[in-house]
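K.L.:
Provided below are the primary sequence and the corresponding predicted coordinates.
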Amino acid sequence: MKKAFVTGATGFLGLNLMETLSPEKWEVTALHLPGDDLKHLSRFDVRAVEGDITDYESLIRAMPDALDSVFHLAGDTSMWSKQALRQYRINVQGTINVCRAAMERSVGRMVYTSSSSAYGYHADRLTESTVSNALTCKMNYNRTKYIAEQEVKKAVDEGLNAIILNPCNIIGPYDPGNWSQLIINASKNRLPGIPPGVGTFSHVRDIAEAHLAAFESGRAGENYLLGGVEASFREVIAEIIKVTGKDLPLKELSPGKLKIFLHASRLKSLVDGREPMLTYPTLHYQNGGLEINAKAETSLPGLYAAGEVAGGI
């Protein structure tokens with residue numbers, strides 16, 4: 001029986017990875033933060049352990065010996081500049097700690113979940129060989145994921161067998177409020193309009209399967225873009241409406257109206273102290289689009305990945 005250690009086990013992708021690993025007879029140690037809600041995680045036959053990737057001592061205590069794989073999924077996806085320091089601590093320092101612990105425990109292989117955002121923004125088709133411009137873009141999330149990737153590659157140079165996965169937009173069960181919020185708002189006619197732009201969307205269970213494919217067939221130090229289906233936001237919302245049986249009375253939002261909504265979201269955030277529904281980075285993202293040419297479909301047997309798609313976060 002293979003043994004795995006999973007960070008971010010109570011998260012959106014983490015829970016779906018639990019569902020994927022369970023039928024494959026993996027012995028899983030699932031890391032979670034103290035105080036995390038374990039309602040969903042408790043459904044799976046895994047050993048839940050407390051720890052924090054930003055606290056190396058708690059991490060190394062939680063990580064067992066004789067592991068076949070570490071699946072490092074934990075990350076901060078916030079688009080709010082107020083959370084920049086926290087995001088750096090989790091995405092970068094946390095990843096450094098996981099790499100260090102994996103090497104100390106002599107882990108067989110590590111699969112790191114990055115993002116297509118680590119490449120930044122590009123007008124031309126994006127491939128795994130595209131040079132990232134994430135350090136000069138306006139999204140702290142992009143920057144931290146890119147920097148974290150460089151730390152993983154440093155660890156590879158030091159002997160860690162690690163693979164980097166770069167998913168695009170992920171949709172599916174256990175989503176606490178990313179794309180699921182769009183689905184809820186669209187189905188209840190709460191959207192002020194349809195944002196412009198396109199994205200690439202993949203089902204979370206396909207992304208979870210890609211992690212197993214990466215463990216089995218990925219090459220150390222390489223990136224694998226995980227694509228999916230290209231769709232405009234109008235097409236996505238139309239599909240949501242179709243499934244839920246609602247009408248689609250909305251018009252596309254102009255960039256000007258989106259900016260008005262942006263300022264309204266910021267004002268609300270000042271009042272309630274919560275992350276705005278729309279921020280400058282997400283506004284930039286929603287108005288953009290990029291084409292992706294992913295090698296993962298042919299490089300990782302059994303992996304779901306589109307060859308040419310229009311990307312997103």
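P.N.:
Arrived safely.
K.L.:
Need the phi and psi values for the residue lying closest to V204 once chain neighbours are set aside.
P.N.:
Counting by C-beta to C-beta, 6 or more residues apart in numbering, G172 is the residue found nearest to V204 once chain neighbours are left out, at 3.2 Å. C-beta here means a position set from N, CA and C on the backbone, and glycine is covered the same way. Dihedral angles of G172 (phi, psi; degrees, to the nearest 10) stand at phi 160, psi -170.
K.L.:
burial count for G172?
P.N.:
G172: 19 surrounding residues under other C-beta atoms under 10 Å.
K.L.:
what does A238 give?
P.N.:
16.
K.L.:
swap in K251?
P.N.:
11.
K.L.:
Could you do R219 as well?
P.N.:
R219, neighbours per other C-beta under 10 Å, totals 12.
K.L.:
swap in D55?
P.N.:
D55 has 14 nearby residues by other C-beta under 10 Å.
K.L.:
excluding its backbone neighbours, what's nearest it?
P.N.:
Distances taken as C-beta to C-beta, 6+ apart put N97 closest to D55, at 7.9 Å, once the chain neighbours are dropped.
K.L.:
I'd like the next helix or strand past the helix or strand hosting that neighbour.
P.N.:
Element membership for N97 (DSSP states H and E) is helix 94-104. Counting by DSSP H and E, the next helix or strand C-terminal to helix 94-104 is strand 109-113.
K.L.:
Which neighbouring elements make contact with that following strand?
P.N.:
strand 69-72, helix 94-104, helix 140-157, strand 162-167, helix 204-217 (3 or more C-beta pairs under 8 Å, 6 or more residues apart in numbering; DSSP states H and E).
K.L.:
Run me through the strand neighbours of it, direction for each.
P.N.:
In the sheet, strand 109-113 lines up against strand 69-72 (parallel), strand 162-167 (parallel) (DSSP bridges).
K.L.:
and those, which is most packed in?
P.N.:
strand 69-72 (a mean of 28; mean count of other C-beta atoms under 10 Å).
K.L.:
ok, now which ones touch the residue nearest to D55?
P.N.:
By C-beta atoms under 8 Å, 6 or more residues apart in numbering, N97 lies in contact with 53-56, 59.
K.L.:
Of the residues you listed, which count as buried by neighbour count?
P.N.:
Applying a neighbour-count criterion of 16 or more other C-beta atoms under 10 Å, the buried members of the contacts of N97 are 53-54, 56, 59.
K.L.:
quick check, nearest of these to G177?
P.N.:
I53 (21.4 Å; C-beta to C-beta).
K.L.:
how close does the residue nearest to that closest one when sequence neighbours are not counted sit to G8?
P.N.:
Closest residue to I53 apart from its sequence neighbours, by C-beta to C-beta, 6+ apart: G94 at 3.6 Å. For G94, the distance to G8 equals 10 Å [C-beta to C-beta, to the nearest Å].
K.L.:
Fine by me, thanks again.
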